[in-house]
Structures are given as C-alpha cells and as structure tokens.
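S.K.: Here is my input; please provide its structure:
(2 chains)
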Amino acid sequence: EAQVTQNPRYLITVTGKKLTVTCSQNMNHEYMSWYRQDPGLGLRQIYYSMNVEVTDKGDVPEGYKVSRKEKRNFPLILESPSPNQTSLYFCASSWVWRGDYNEQFFGPGTRLTVL
Amino acid sequence: DAKTTQPPSMDCAEGRAANLPCNHSTISGNEYVYWYRQIHSQGPQYIIHGLKNNETNEMASLIITEDRKSSTLILPHATLRDTAVYYCIVRGPNTGTASKLTFGTGTRLQVTL
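M.R.: A predicted model of the protein is given here:
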C-alpha cells in the first residue's frame, strides 16, 4: 500500500531535549516536505526536499533541521525544542511537478507537545 | 500562486449534494485549482484538480467558471464521513518550489443526519 509513515504519532517532551520525528514513504517520490499545523494558522511549510541531499527552507524553518540521505526518508530534527514548537506536524511526499497532476500524499501526523 | 477565498463553514444534510465554493479572482492562465480535505486532524487528502474544464472522479466533481475566477467542489451524495475541512488551492505548473501547497483556512463542512 502506498503510504507515508511518521513516528512517533504522539510525543510529549521538555524544553531543550533534542528529538527526531521520522518520515518515510514507499512511493519512490522525489519531493518530500514537512508542515506544521496550528489553530487559526493553517498548514505552514517548514522544510522541503526536491531529492536526495537537496533540502531547502520553507516558510517557518527556524528551530528545525532536516536531512535527506535516502530517497525514502526525511527526518525532522528539533535540536532544542521550545514550547512554541508545540504543534501538529505532517510529512508529505509527491513526484516533482510533472504536468498538471501532482497529488501530494500526507502522513498521519505527529502531535508534539513541548513543556 | 493566486490567493483563494472560501466560506469558513457550511452545513449539508446527509444524502444531499454539498456544494463548496471558492473564489480565486487573481488566478493566472496557467494555474490549476486543487482541492484537498482534512478529516479531523488526519493528514490532508487530495480530492480533485482542474485547469478550465469541469472534472469528475469517484470522489467529487469540480466546476470551474468560464472566466476561471471561481470554482465549486461538488460532493454529490454527502455522508457523515465527508465531514471535514476542505481546502481550495491554486498553484501554477513549474514553480521554483515545485510541489509546495499553500493552505488557507478552508471550509469546515458539517454533514448532519
């Protein structure tokens, strides 16, 4: 089954304790992206990757890092989490734009709470 | 990418058609209209997309006006499982960030018995 998986699904942590949220897709997609969703602000892009070893900042990259060493994986790293990073996080993947059709597949989300 | 305007919420009776409008008056000639939905904090799900012709798939129909300044997503027989936030997104073809989706606040559709 074609899917995007994220782990963990729920995480409660404390300020300053480094954490990693994993994302993996099995569709051989080149493009992967991280979003965060906050009430009243919608989904906002954090980082994206066009292919292996190619990453770039989205709209709200501060406080986050990513890496793309393999095509299927795109982990999100919070080296020193703060309470303002409490949010619902989504990983997504798709083909790089090919004509008009470009469905983006989303993972189930990771709910992060930073105390 | 063009900005979109959607009503914040709508209600629909189960079994009836749900018609969700979207205004995109600044859309450019090469920009597509995409619809996604998000059910109760799950990951957003693609529904349908179109350029200027009306489109239909197993989930919904998309009606785009001739001037392309607005569109309507139609769920022909809404069920309780269609209760979700629906996002109308306009995006162009070969943008620098390729696949970025810019989500607004969407329309919260409540389907009732």
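S.K.: Right, and chain B sits closest to which residue of chain A?
M.R.: At 3.0 Å from chain B, A:Phe106 is the closest residue in chain A, using C-beta to the nearest C-beta. (Each C-beta comes from the backbone N, C-alpha and C, glycine too.)
S.K.: Would you mind measuring from that residue to B:Phe103?
M.R.: A:Phe106 is 11 Å from B:Phe103, where distance means C-beta to C-beta, to the nearest Å.
S.K.: Quick check: neighbours shared by the two?
M.R.: Jointly contacting A:Phe106 and B:Phe103 under the rule C-beta atoms under 8 Å, 6 or more residues apart in numbering or on different chains are B:Pro44.
S.K.: Compare these two and say which is more crowded by neighbours.
M.R.: For A:Phe106 versus B:Phe103, neighbours defined as other C-beta atoms under 10 Å in any protein chain shown are more numerous around A:Phe106 (24 against 20).
S.K.: Mind telling me which residue is nearest the centre of chain A?
M.R.: Residue closest to the average C-alpha location in chain A (C-alpha atoms, centre = their mean): A:Trp34, at 2.6 Å.
S.K.: Next one: the residue lying closest to B:Pro76 once chain neighbours are set aside from chain A, what distance?
M.R.: If the residues on either side of it in the chain are set aside, B:Pro76 comes closest to B:Ala17, at 5.3 Å by C-beta to C-beta, 6 or more residues apart in numbering or on different chains. Applying C-beta to the nearest C-beta, to the nearest Å, one obtains 24 Å for the distance of B:Ala17 from chain A.
S.K.: Tell me which stretches of chain B form strands.
M.R.: For chain B, applying DSSP state E gives strands covering B:9-13, B:18-23, B:32-38, B:45-50, B:55-56, B:61-64, B:70-75, B:84-91, B:107-112.
S.K.: Pairing partners for the longest one, with directions?
M.R.: Next to strand B:84-91 in the sheet, as set by DSSP bridges, lie strand B:32-38 (antiparallel), strand B:107-112 (antiparallel).
S.K.: How about the fourth one?
M.R.: Taking DSSP bridges as the criterion, strand B:45-50 forms sheet pairs with strand B:32-38 (antiparallel).
S.K.: Return the distance of the strand it pairs with from the chain's centre.
M.R.: 4 Å (C-alpha atoms, centre = their mean, to the nearest Å).
S.K.: and the angle from that strand to strand B:70-75?
M.R.: For strand B:32-38 against strand B:70-75, the angle by axes from the mean of the first three to the mean of the last three C-alpha atoms, to 10 degrees is 40 degrees.
S.K.: Show me where chain A dips below the pLDDT cut-off.
M.R.: Chain A contains residues with pLDDT under 70 at A:97-101.
S.K.: Get me the contact residues on it for chain B.
M.R.: Within chain A, the positions near chain B by C-beta under 8 Å from any C-beta of the partner chain are A:4, A:31, A:33, A:35, A:37, A:40, A:42-45, A:48, A:50, A:56, A:58, A:88, A:90, A:92, A:94-97, A:99-109, A:111.
S.K.: Strands of chain A, start to end?
M.R.: Ranges of strands within chain A are A:4-7, A:10-13, A:19-25, A:31-38, A:42-51, A:54-57, A:65-66, A:76-78, A:87-94, A:105-106, A:110-114, based on DSSP E.
S.K.: Which one of the residues in chain B is closest to chain A?
M.R.: B:Gly43 (3.0 Å).
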